[in-house]
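1. make a model of this:
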Amino acid sequence: MRYVILLIFSLLLFASCMESADRQPNILFAISDDQSFQHAGAYGYKAAMTPNFDRIASEGILFRNAFSAAPGCSPSRASILTGRHIWQIEQAGTHASEFPAKYVCYTDLLDSAGYHVGYTNKGWGPGNWEISGRTRNPAGEEYSSIQDDNAPEYINKTDYAENFKAFLEERQEGQPFCFWYGAGEPHRRYKAGIGVEHGYNLQEIVVPPFLPDAEEVKSDMADYLFEINHFDTHLGRMIKTLEEIGELDNTIIVVTSDNGMPFPRAKANLYEYGFHMPLAIRWGARVKGGRVVDDLVSLTDMAPTFLELANVGHPSSQNGENPMIGKSIVNLLQAQGSGVIDAGRDAIFSGRERHSSSRWNNLTYPQRAIRTHDFLYIKNFKPERWPVGAPEKLNSSGELEPGYHDIDNFTDNYVYIERESPEVKQYFDWAVAKRPMEELYDIQNDPGCLNNLAENPAFEDVLIDHRNRLQVRLDLTHDPRVVGNGDIWEEYVRYSPIREFPEPDWKK
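-> Sure thing, here's the model as predicted:
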């Protein structure tokens, strides 16, 4: 009798596993707003308080070489949704413009395939998706009505986790879902000192090499880390909800960010701290946990990955138009080992055009980059322009005021305030000075990207190789900057406020 009971139990367990395997997986895509990859406990950053990211990494896979398609939120998010480079999606490839409806998003395809699709707080944006004829944000239907009035100052009032519950309550029984958790943190502004107030120890905070190792900078970073913890706390509440409804192990949980930390030489820059992203993925027993993967992964790879796992096709496979350039990482998820899994993943590509309104006539700062395992090569197409914005702008009275608007709230930053002091001047110059047409960095020895090797004869072969590989990629993917009409980027309408600037010397 005992063996009969065991047999029945085994058969029921097998049937349950088979049923789970046959079901389309749910997708929870959690994306913070302005977080560099180092700043999570799973990466060994002791000052970070990210227990839920760390859990996803421990029970799933921690990726050490994941990169965004742009170092700014709007184009980065558009590339995630479409699986394409920023130079392949026209207006959606720059900041605060529009999102042409012809560029299909994985969310649209999953919706058509029967998924319940939604997002909370920040989906694609900033920008104007309505003007392109879309009927909703590209990330899905919005669920942001539930608010937390007790949230700390400068923390978004949206109760992300409760809105996730509201989203789940609206799905049909057994319906798979795809939810975009778009936090507003750790985007600036910060309440000064809130990190220290909540127990962050300044002695544990490691400052990046491009910032002064000063107490004021550490306190600012503590405020930044506090906001990362807010994002992580809501992630934990969402995980708990999935456990309570029995959907945790059939849900692919992806945790990442859109671009780097909002500090000088990070966000809006194609340096490591600007586009190297945290990434952890969990999918119950379907993904072997406790693994650390070193393959070069682009966030453009998310769209083809989600579609493959959901067994949903992309129209480009039928008509060849608007194909995704991203490459599914399903083979990495299904592998058993750690380290480098796919030797063919030997480079990723990124770029930027306009970020904030930071220059005369709303001009961009066009860059393209190739990142291999050991080197980062950047091409600056307009080196005569200021990389983080013009030093001065015109106020409403026509008077000059400080500029540099591609660095969030820079005039409140310690590097700006102390820019004349001998101890800080070098850091200020690193942040704002004009840059040469080519930059090359040895990432393994110079992760802060401070020693440009482009003119070093010892690295000439590396420079030529990376220059040529980038050129081939841009040609292949028809980047207007290299195949003609590169100035189309200057013509795309910006729907966020536009500042006024003096005419630059190079135009006179």
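2. use CA for all of it now, contacts and neighbours both
-> Fine.
3. got the phi and psi for Phe164?
-> phi -60, psi -40 (degrees, to the nearest 10).
4. give me the pLDDT for it.
-> Note for Phe164: predicted pLDDT of 98.
5. contacting residues for it?
-> Thr120, Tyr143, Phe179, Tyr181, Met238 (Cα atoms under 8 Å, 6 or more residues apart in numbering).
6. list the buried ones in the helix or strand harbouring Leu168?
-> Leu168 belongs to helix 160-169 when assigned by DSSP states H and E. For helix 160-169, the neighbour count (16 or more other Cα atoms under 10 Å) marks Tyr160, Ala161, Glu162, Asn163, Phe164, Phe167, Leu168 as buried.
7. which of those lies closest to Tyr404?
-> Tyr160 (32.3 Å; Cα to Cα).
8. surely that closest one touches Thr120?
-> Yes - using Cα atoms under 8 Å, Tyr160 is in contact with Thr120, at 6.2 Å.
9. overlap of the contact sets of these two?
-> Common contacts of Tyr160 and Thr120, defined by Cα under 8 Å, 6+ apart, comprise Ser144, Tyr181, Ala183.
10. and Ala70, what pLDDT?
-> pLDDT, Ala70: 98.
11. for the one 5 residues further on, same thing?
-> Turning to Pro75, the model gives it a pLDDT of 98.
12. alpha carbons only: can I get the helix holding Leu168 in CSV?
-> Extracted in CSV, the C-alpha atoms of helix 160-169 (Å, rounded to 0.1, in the frame of the first residue of the first chain):
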residue,chain,number,x,y,z
TYR,A,160,4.6,49.9,-6.9
ALA,A,161,3.9,46.6,-5.1
GLU,A,162,0.2,47.4,-4.4
ASN,A,163,-0.3,48.3,-8.0
PHE,A,164,1.3,45.0,-9.0
LYS,A,165,-1.4,43.3,-6.9
ALA,A,166,-4.1,45.3,-8.6
PHE,A,167,-2.7,44.3,-12.0
LEU,A,168,-2.8,40.6,-11.0
GLU,A,169,-6.4,40.9,-9.8
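13. oh, and call the first residue 35 from now on, that's how I've got it
-> Got it, first residue is 35 now, which makes that one helix 194-203.
14. and the next element down the chain from that helix?
-> Toward the C-terminus, helix 194-203 is succeeded by strand 211-216 as the next helix or strand (DSSP H and E).
15. quick one: strands adjacent to whichever strand or helix holds Ile287?
-> Per DSSP H and E, Ile287 falls inside strand 285-291. Note on strand 285-291: by DSSP bridges, its sheet partners are strand 60-66 (parallel), strand 310-316 (antiparallel).
16. closest one to His348 among those strands?
-> For these, proximity to His348 was assessed by Cα to Cα; strand 60-66 is nearest, at 17.4 Å.
17. what about Gly324, distance to Ala314?
-> Between Gly324 and Ala314 the computed distance is 11 Å (Cα to Cα, to the nearest Å).
18. who's more crowded, these two?
-> Between Gly324 and Ala314, Ala314 has the larger neighbour count (other Cα atoms under 10 Å), namely 24 against 17.
19. contact partners for the nearest residue to that one once chain neighbours are set aside?
-> Nearest non-adjacent residue to Ala314, counting by Cα to Cα, 6 or more residues apart in numbering: Leu96, 4.6 Å away. Contacts for Leu96 (Cα under 8 Å, 6+ apart) come out as Ala76, Leu313, Ala314, Ile315, Gly324, Arg325, Val326, Val327.
20. ok, what's across the strand from Leu96?
-> As for beta bridges, Leu96 partners with Ala314, Val326 under DSSP bridges.
21. tell me if Ala185 really is in a strand.
-> No - going by DSSP: H, G, I helix; E, B strand; the rest coil, the assignment for Ala185 is coil, not a strand.
22. who's in contact with it?
-> By Cα under 8 Å, 6+ apart, the contact set of Ala185 is Lys191.
23. now do it against Gly229, distance only.
-> The gap separating Ala185 from Gly229 is 14 Å, by Cα to Cα.
24. same check, this time on Tyr450
-> 21 Å.
25. neighbour count winner among these two?
-> For Tyr450 versus Gly229, the count of surrounding residues by other Cα under 10 Å is larger for Gly229: 22 against 19.
26. helix, strand or coil for that one?
-> For Gly229, the assignment made with three-state DSSP gives helix.
27. can you name the residues that contact it?
-> Going by Cα under 8 Å, 6+ apart, Gly229 touches Ser253, Asp254, Met255, Ala256, Asp257, Tyr258, Leu259, Phe260.
28. make it 6 Å
-> Taking Cα atoms under 6 Å, 6 or more residues apart in numbering, we find Gly229 in contact with Ala256, Asp257, Phe260.
29. looking at those residues, which is nearest Glu537?
-> Set against Glu537, the nearest of these by Cα to Cα is Asp257 (36.8 Å).
30. what sits closest to that closest one if chain neighbours are left out?
-> Take Asp257 and drop its neighbours on the chain: the residue closest to it by Cα to Cα, 6+ apart is Gly229, 4.2 Å away.
31. and the one you found, how far is that from Met272?
-> Going from Gly229 to Met272 by Cα to Cα gives 24 Å.
32. what does Arg453 give?
-> 43 Å.
33. for this structure, give me the ranges with low pLDDT.
-> 35-56, 351-356, 542 (pLDDT under 70).
34. middle-most residue in it, spatially?
-> Nearest to the mean C-alpha position of the chain, counting by Cα atoms, centre = their mean, stands Asp292 at 1.7 Å.
35. next, the contact list for that residue, please.
-> Counting by Cα under 6 Å, 6+ apart, Asp292 touches Asp67, Cys107, Ser110.
36. quick one: which of the shared contacts of Tyr194 and Thr154 is nearest to Tyr137?
-> Of all the shared contacts of Tyr194 and Thr154, Tyr215 has the smallest distance to Tyr137: 21.7 Å, by Cα to Cα.
37. the closest one pairs with what?
-> Applying DSSP bridges, one finds that Tyr215 bridges with Ala64, Thr154.
38. which residues does it contact?
-> Tyr215 sits next to Phe63, Ala64, Tyr153, Thr154 when contact means Cα under 6 Å, 6+ apart.
39. confirm for me that the second one is in contact with Ile286.
-> No - judged on Cα atoms under 6 Å, Ala64 makes no contact with Ile286 at a distance of 10.6 Å.
40. gap between the two ends of stretch 469-481?
-> 18 Å.
41. what does it contact?
-> Defining contact as Cα under 6 Å, 6+ apart, one finds that stretch 469-481 is touched by Asp408, Phe409, Leu410, Tyr411, Ile412, Lys413, Asn414, Pro417, Cys483, Asn486, Leu487, Ala488.
42. list the buried ones in it?
-> Across stretch 469-481, burial judged by 16+ other Cα under 10 Å covers Arg469, Glu472, Glu473, Leu474, Tyr475, Asp476, Ile477, Pro481.
43. can you lay out those as TSV showing secondary structure and distance to Arg528?
-> Below are those laid out as TSV (DSSP: H, G, I helix; E, B strand; the rest coil; distance: Cα to Cα, whole Å):
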residue	secondary structure	distance to Arg528
Arg469	coil	25
Glu472	strand	28
Glu473	strand	29
Leu474	strand	31
Tyr475	strand	32
Asp476	strand	36
Ile477	coil	34
Pro481	coil	33
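44. Glu278: which of the residues you listed is nearest?
-> Taking Cα to Cα as the measure, Glu278 lies nearest Pro481 of the buried residues of stretch 469-481, at 41.7 Å.
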